[in-house]
Each structure stands twice: as structure tokens, then as C-alpha cells.
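1. Fold the following for me, if possible:
(one chain, ligands or ions: 1)
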Amino acid sequence: MSSPVLDRPRPAHRAADLLAAYLPGSFYFSSPRGSLLADGVHSFVRAAGRRSHARAAAEALDAAAGVLAEPVVAGAIGFRPGAASSLVVPAVVRRAGAPEAPLPGAAPTAAGPATWTVTPRPAPDAYADGVRRALELIGGGDLDKVVLARCLRLTADAPVPVPALLAGLVRADPATHAFAVDVTAPGDPATRTLVGASPELLVARRGDRVVANPLAGSRPRAGDRAVDRERVAELTASEKDRDEHAHVAAQVAEVLGRFCGELHVPAEPEVVGTPTMWHLSSRITGRLADPADPGSSSLALAEALHPTPAVCGVPTARARDTIAALEPEDRGYYAGLVGWTGLGGDGEWVVTIRSAEVCDRTVRLFAGAGIVAGSDPEAELAETTAKFATMLRALGVRDAAAAEGAA
Ligand SMILES: C=C(O[C@@H]1C=C(C(=O)O)C=C[C@H]1O)C(=O)O
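-> All right, here's what the predicted structure looks like:
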């Protein structure tokens, strides 16, 4: 007679051990669904020509299947079509459960160097001008929604310790999707790492079950209970934010509907919180019509969903052109996707937001806000400032708004 205890698979590692074992060059990803640490490169995965990343990943996984026990493809894909990607089949993969909440009283430690220079691109006023221009396009009927982002370039007085930065992000919010990916490009003077804590699940797949959790419509978290209660009530009631959110939920549901035999889309968004923000959220769940189809892998679903109107806009092509015309800094990996996919198609991909590219002493980070009819340029600017706080706090950059203003 078999024992139910012995039959149950048990993680071989603790989540905290995987986080502690992370070194630049590794791939780290953790979420409420579990943690994954991958090292070494068995093979590189490149989507040349018109081949999708999902096709290239499926071929690489098939080739690795005879060699590796449980191959995965892990990495990140940039925002633009044809943007840089960094997908590999790692040589070694370790898995564990979800990160645990830190013990109460555990002191938060900032990762960072002491002194920073901060250069905004564009300058905050120019960002607000860009929002005004986007509102003109929306008013002219060319566009329903566009997400405009701005960038901060930071330079520290010492190299940024990426493992401490990653650990700080997980400690600040163990329920986040935390990641660190080697995205070193030719010509980089040192390892370049994409690191972040995304609240936004693009898609996760397990067996025939899929879940996506688009977010859009935001308020900064105040840190004061009464004020936050008001902000949540205001966000829930805001027509402008509900409109911004509806665009995203509708598109995600439409795309997943092509793959699913069953799909559940909540009638109303709910409000979810991160340590820095409140967001309208829709948890969309479904069952795949044909889970054995390689075209339904988690990466294929993620590529079909990308870019959602949470980071691009409606209609997609117009919004993409508007972003290219109005944002002075190429997004790189920001607003792309990061995650992993396995041999049977299971996996998890998140939207690359609340993230930074770190290379030696330099950091490049972005934050964006959804613009729809009725958006206020100054409020959208303030929203991007609030979104920067996730990374700036973890980096130990104090009073970034002042640092930005002084730049
Ligand atoms: C674009 C970002 O966030 C996205 C945009 C949101 C919004 O416009 O309300 C909310 C969550 C994210 O989907 C970002 O954090 O940079």
C-alpha cells in the first residue's frame, strides 16, 4: 500500500537557499507558484527571422530532452518586435516553493552604494508634454489608449550588488514575481542584469490550466490606513481607471479565448496592492482546448498576449508607433516578458515592469502610465514617480524625486 506522504513530491531546496545561491549570471525567478534558480548554459535559444521565440524554445527543449532530466527555457524578451532577447536552456535547474515572508522584525537592508546621480530621460516636464501630445492623438480618434514610459539613468559611486538588490526586492514583497536575468550584450563592460519585482502575471500554465492577471488603473500607496482606504475607494469608482483597465482585460480575454475551451473573466476588477502601489486587477482563468499542441506552451501564450494594453495600448500598432515617436529612450527589456517554459509547455511569464537593467555602477529603469481620454498629465507623471519607488527603495536611493529634480 502506498503512503500518501511519500507519494507527494517535495521540493528539494528551500526558497531562501535558492535566493542565497543566486549570483550574477544565474537566472532567478520566484512567485507565489514557486522559485527557480538556473545556472550555466546548455544551449542558447534564438528566434531568427520570422520564427517565434516559442518555436525556437520548443526545438531547443526537444534537443535538450535526451541530455537534461528536466529542461527549461528561461530568460527575457524585450518590448519591441525584434528587440534583444536572452533565452537559454540552462545546464542546471533547482526549484523550491514560494519565498516565505521574512520573520517580523527582520531589518530591511538597502542594497546600495551611498551616492547616486540621477538623470531623467525625458525630463519630467517633457514627459508631461508627451502625455499632452498623446491626449491630442486620443482626442483626434487615432488612439484609445497608450502607455507612456519615462526612464531614469542612475550612476552610483560603487558597483551595484545585484544579489543584495534581488534579496531586498523579495524581502520587501515575498508575493511578488521577482527575477534576475543575465542580459549582457556585446560591448557591455561588465555583466548586465535585468532585475525586478513585477506585480503583473502575463500568463502561467500548469497542465491544461492557464491564468493571466492583467493590471491597469493605479494609485500610489500612501502608507497611512485611512488615506489608503480612500485611495482604494477612489480607484474602484474611477471611470477613467476602469476604462484603462477594461482595454487590457478585454484584450487578454480575447487572446486567451483563442486557446481555451473554457475561460472565466471576472465581471468587475478588484484592487490589489504592492508595497508601493494599488492597481485594478482581473484574474482571468481558463482551460486549454488542446494542451498537447506545442502552440499552446506558456511561452506561445505569452507571445500571443504581448504586448498587452497594460504596457502598449489600443490599437496596438498605433500605440507602438506613438511610443516610438514620444519616448526618447529605447525601452530595451522594459515592458517585455520574463519567465520560463518547460518541456510539456508549463511555465510562467510576467510583464517586465518595476525592473532595472544594472551594469556595474549604472542602472537604467523605466516606469509608465496608461493614458486614456480624461488622463491628467501631472497625475500621470506622479504615477510614474510612485512606480519608480519599488526599485529605488530596494537600491537604497533615498529621496529620488529630489535627486531627479536636482539632475
Ligand atoms: C507600465 C507600468 O505599469 C503598468 C501600467 C499600469 C497603469 O497604467 O495603471 C498599472 C500596472 C501595469 O500594468 C509600469 O509599472 O511601468
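2. residues of the longest strand seen in the chain that come out buried?
-> Across the chain, the longest stretch assigned as strand under DSSP state E is strand 145-156. Buried residues in strand 145-156, defined by neighbour count with 16 or more other Cβ atoms under 10 Å: 145-152, 154, 156. For every residue, glycine as well, the C-beta is placed using N, CA and C.
3. tell me the mean pLDDT for that strand?
-> Averaged across strand 145-156, the pLDDT comes to 97.
4. Can you tell me which helices and strands that strand packs against?
-> The contact analysis (3 or more Cβ pairs under 8 Å, 6 or more residues apart in numbering; DSSP states H and E) places strand 145-156 against strand 116-121, helix 124-139, strand 313-314, helix 316-326, strand 362-371, helix 377-395.
5. repeat that with 6 Å
-> strand 116-121, helix 124-139, strand 313-314, strand 362-371 (3 or more Cβ pairs under 6 Å, 6 or more residues apart in numbering; DSSP states H and E).
6. closest to the ligand out of the ones you listed?
-> Among those, strand 362-371 comes nearest to the ligand, with 3.3 Å by Cβ to the nearest ligand atom.
7. The closest residue to Ala302 other than its chain neighbours: what's it in contact with?
-> Leaving out its chain neighbours, the residue that sits closest to Ala302 by Cβ to Cβ, 6 or more residues apart in numbering is Trp349, at 3.8 Å. Residues near Trp349 by Cβ atoms under 6 Å, 6 or more residues apart in numbering: 202-203, 302, 337, 339.
8. Same list (these) but as CSV, adding secondary structure and neighbour count.
-> As requested, those are exported to CSV (DSSP: H, G, I helix; E, B strand; the rest coil; neighbours: other Cβ atoms under 10 Å):
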residue, secondary structure, neighbour count
Leu202, strand, 29
Val203, strand, 32
Ala302, helix, 27
Leu337, strand, 27
Gly339, strand, 31
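9. how about those in JSON lines, adding pLDDT?
-> Shown next, in JSON lines, are the contacts of Trp349 (pLDDT from 0 to 100):
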{"residue": "Leu202", "pLDDT": "98"}
{"residue": "Val203", "pLDDT": "98"}
{"residue": "Ala302", "pLDDT": "98"}
{"residue": "Leu337", "pLDDT": "98"}
{"residue": "Gly339", "pLDDT": "98"}
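10. Can you narrow the residues you listed down to the ones near the ligand?
-> Of the entries in these, none also sits close to the ligand under the rule Cβ under 6 Å from any ligand atom.
11. of those, closest to the ligand?
-> Here the nearest of those to the ligand, counting by Cβ to the nearest ligand atom, is Leu202; it sits at 10.1 Å.
12. hang on, the earlier thing: could you list the residues in contact with the longest strand of the chain?
-> Counting by Cβ under 6 Å, 6+ apart, 113, 116-121, 127, 130-131, 134, 247, 309, 311-314, 319, 322, 329, 361-366, 368, 370-372, 384 sit against strand 145-156.
13. Compute the inter-axis angle for that strand and helix 124-139.
-> 170 degrees (axes from the mean of the first three to the mean of the last three Cα atoms, to 10 degrees).
14. Averaged pLDDT, stretch 129-141. What do you get?
-> pLDDT averaged over stretch 129-141 gives 98.
15. I meant to write stretch 168-176 there.
-> On average, stretch 168-176 scores 95.
16. Next: stretch 308-322.
-> 98.
17. need the residues of the stretch 251-400 of the chain near the ligand, please.
-> Residues of the stretch 251-400 of the chain lying near the ligand by Cβ under 6 Å from any ligand atom: 279, 310-311, 353-354, 367-370, 387.
18. mind putting the helices and strands packed on strand 145-156 in JSON lines, distance to Val41 and mean neighbour count included?
-> Below are the helices and strands packed on strand 145-156 laid out as JSON lines (distance: least, Cβ to Cβ, whole Å; neighbours: other Cβ atoms under 10 Å):
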{"stretch": "strand 116-121", "distance to Val41": "33", "mean neighbour count": "18"}
{"stretch": "helix 124-139", "distance to Val41": "38", "mean neighbour count": "17"}
{"stretch": "strand 313-314", "distance to Val41": "36", "mean neighbour count": "24"}
{"stretch": "strand 362-371", "distance to Val41": "24", "mean neighbour count": "25"}
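19. Distance to Leu263 for the ones you listed - can I get that in TSV?
-> Below are these laid out as TSV (distance: least, Cβ to Cβ, whole Å):
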stretch	distance to Leu263
strand 116-121	40
helix 124-139	29
strand 313-314	20
strand 362-371	23
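20. Tell me which of those lies nearest to Val183.
-> Val183 sits nearest to strand 362-371 of all these, at 11.1 Å, using Cβ to Cβ.
21. So which elements touch the helix or strand containing Ala250?
-> Secondary structure assignment for Ala250, by DSSP states H and E: helix 239-257. Under the contact criterion of 3+ Cβ pairs under 6 Å, 6+ apart, helix 239-257 touches strand 215-220, strand 284-288.
22. partners of the closest residue to Gly75 other than its chain neighbours in the sheet?
-> Spatially, and ignoring its direct neighbours in sequence, Gly75 is nearest to Leu87 (3.8 Å; Cβ to Cβ, 6+ apart). Counting by DSSP bridges, Leu87 is bridged to Val45, Gly75.
23. what separates Leu87 from the ligand, distance-wise?
-> 22 Å (Cβ to the nearest ligand atom, to the nearest Å).
24. what's around that residue, how many residues?
-> 23 (other Cβ atoms under 10 Å).
25. for Leu36, same thing?
-> Leu36: 24 neighbours (other Cβ under 10 Å).
26. Report the contact partners of it.
-> Contacts of Leu36 by Cβ under 6 Å, 6+ apart are 29, 95, 340.
27. Out of the helices and strands packed on helix 239-257, which is the most enclosed?
-> Most buried of the helices and strands packed on helix 239-257 by mean neighbour count (mean count of other Cβ atoms under 10 Å) is strand 215-220; its value is a mean of 24.
28. contact partners of that one?
-> Contacts of strand 215-220 (Cβ under 6 Å, 6+ apart): 200, 231, 235, 241, 244-245, 248, 277-281, 310, 370, 383, 386.
29. buried residues in the following helix or strand past it?
-> Next helix or strand after strand 215-220 toward the C-terminus (DSSP H and E): helix 225-237. Going by neighbour count (16+ other Cβ under 10 Å), the buried part of helix 225-237 is 228, 231, 235-236.
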